[in-house]
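> sequence unknown, structure follows:
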């Protein structure tokens, strides 16, 4: 016999309407009298999951404590600008401000030596991970409160939802993002989880003004973490919130409050950046990334112009040699590696033009990755649809449980997939997509069947996550070497002093020790031209070394000195691969 189902009214929107099929799935062995003991058992499970999450985060942060990446060096340099009061250097068109601000505050409190700069970054990453865990639990409680997706009709918390939820969190934060990269993605995850938690509470009674204000604040925190959250908030999050408020309570003013508080949080950075760039802008990163990836503009450093449609650089890095290629960039940016400190400065003048065909080709390349990431969810979805006898029984009441999570999650993934996608960019949005889809599917899942499927999915996610927790067991040893710190110490022993300018034969963007030595890379012979440099005759090498000296370099540093090096005077690292040539000793001889 066909089941009859009433469409929920606006007054009951987002709440559970028991259906005959739901009631049939209820177990006779979970009476309401057992609710306190069941709730207590669930709280113990939550604390165990929380403790495991904290412990695994600490292990991963410790394992990667000395690791560095190009973005992390730039963020540390921006943190220096904040800490030293160099406010004209702080507004950055490419990198967002919140992560370096947290670095600056933490660094002022902790006061680690320069050799432990990257350890400081990982301390901040761990703090951001803790914030993401708190925000995620707020999100998880919001789902239970708004749609009952984590509870039976009797209010019995389902352990399988909790286990799957924490498995998703660990997979997203420790596998897809990871604490080994010094980027603001974990901060963004915290903001995204908080925004999702607020969206799940919109249909619930009371506190609409406060929720609206908090939604705007957390969306603003997301923007200050990563600029991509600005268009996502304006075009997706706030319209979704407004529709939720209107459909559930016939109110729209809380969404206006959300937008107003968002403007208040974002305005100081937008004003400072717009003033620095001479035009209204909330970020230059999207435009530059589009030019690099979609329009095939030469990137990501040393753009000298081309293709013709891309415009002309206003102030590119200065090419001081053609054969071999060499570039100088001592001024005007004060940073460890200026070309990557603010790419928007060096790419001023680039024109990005819309190319939907190229974006479709890019998105097509990411389809296998997205299918891999969503495979467990797709399997659960297909199995549920088949078990429910197709989609004939689906209606608004089911979609109301999760569309507000599916839409922003899918929109964020589509935004990145059409230009450039890394798993760390979309990790929190994948979690939103998971929970939105599962909230929609939940009414069609018999509890016993659901329990096995969800626990199986949690096990699969943990098996994917745990092997990547550390690169190896040996890095957990307290005696594990700080390779970048050792490199910095060697260069300083060679006679280079903090604050000096140096030249690199190789790619300066991947040289991390200069940050720890407090030296500045002012010129480089890129790796693609280093072979021509080493194969040149001594006269050619001396001529280029002189140009590097005139650019402000007191020494040239390379990794892996070739046997065909023809200029004497190189100091070679005994416990590493660096070699240093003081230009006063070698270049002018």
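Yes, it's here. No experiment lies behind these values; they were computed from the predicted model shown.
> I'd assumed residue 188 was in contact with residue 135.
No: if you go by Cβ atoms under 8 Å, residue 135 and residue 188 don't touch, sitting 10.7 Å apart. To be clear about C-beta, it is placed using only N, CA and C from the backbone, and glycine gets the same treatment.
> Give me the domain ranges for the protein.
Domain segmentation of the chain under automatic domain parsing yields 35-274+356-468, 317-347+481-589.
> Make a markdown table out of the ones you listed and add mean neighbour count.
As requested, the domains of the chain are exported to a markdown table (neighbours: other Cβ atoms under 10 Å):
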| stretch | mean neighbour count |
| --- | --- |
| domain 35-274+356-468 | 19 |
| domain 317-347+481-589 | 19 |
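> Out of those domains, the one nearest residue 305 is which?
domain 317-347+481-589 (10.8 Å; Cβ to Cβ).
> Residue 203: what secondary structure?
The three-state assignment at residue 203 reads coil, by DSSP: H, G, I helix; E, B strand; the rest coil.
> Just want the phi and psi numbers for it.
phi -70, psi -10 (degrees, to the nearest 10).
> Residue 93 versus that one, what's the distance?
39 Å (Cβ to Cβ, to the nearest Å).
> same question, residue 520
20 Å.
> among the domains of the chain, which is nearest residue 288?
Going by Cβ to Cβ, the one of the domains of the chain nearest residue 288 is domain 317-347+481-589, 5.3 Å.
> all helices of the stretch 151-300 of the chain, in order?
159-170, 185-201, 208-225, 229-232, 238-249, 253-277, 285-293 (DSSP state H, counting those that start in this stretch).
> what mean pLDDT does the fourth one have?
It refers to helix 229-232. Average pLDDT, helix 229-232: 98.
> cool, the last one as well?
Helix 285-293 carries an average pLDDT of 96.
> Low-confidence regions, the chain specifically.
1-35, 146-158, 388-396, 585-589 (pLDDT under 70).
> Show me where it has its strands.
318-321, 326-328, 501-505, 520-525, 553-559, 571-572, 578-582 (DSSP state E).
> List the strands paired with the last one, with their directions.
Read it as strand 578-582. strand 553-559 (antiparallel), strand 571-572 (antiparallel) (DSSP bridges).
> TSV please, covering the ones you listed and showing distance to residue 145.
Below are these laid out as TSV (distance: least, Cβ to Cβ, whole Å):
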stretch	distance to residue 145
strand 553-559	55
strand 571-572	64
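> Quick one: closest of these to residue 428.
strand 553-559 (36.3 Å).
> Now do the closest one against strand 520-525, angle only.
For strand 553-559 against strand 520-525, the angle by axes from the mean of the first three to the mean of the last three Cα atoms, to 10 degrees is 60 degrees.
> and strand 553-559, how far out from the chain's middle?
33 Å (Cα atoms, centre = their mean, to the nearest Å).
> Stretch 478-487 now?
That offset, for stretch 478-487, works out to 26 Å (Cα atoms, centre = their mean).
> Run through who's touching that stretch.
66, 68, 115-116, 118, 474, 512-513, 515-516, 573, 575-576, 578 (Cβ atoms under 8 Å, 6 or more residues apart in numbering).
> just checking, which of those belong to helices?
Using DSSP state H, the subset of these located in helices is 118, 513, 515, 516.
> Tell me how far the last one lies from residue 339.
Spelled out, it's residue 516. Residue 516 is 19 Å from residue 339, by Cβ to Cβ.
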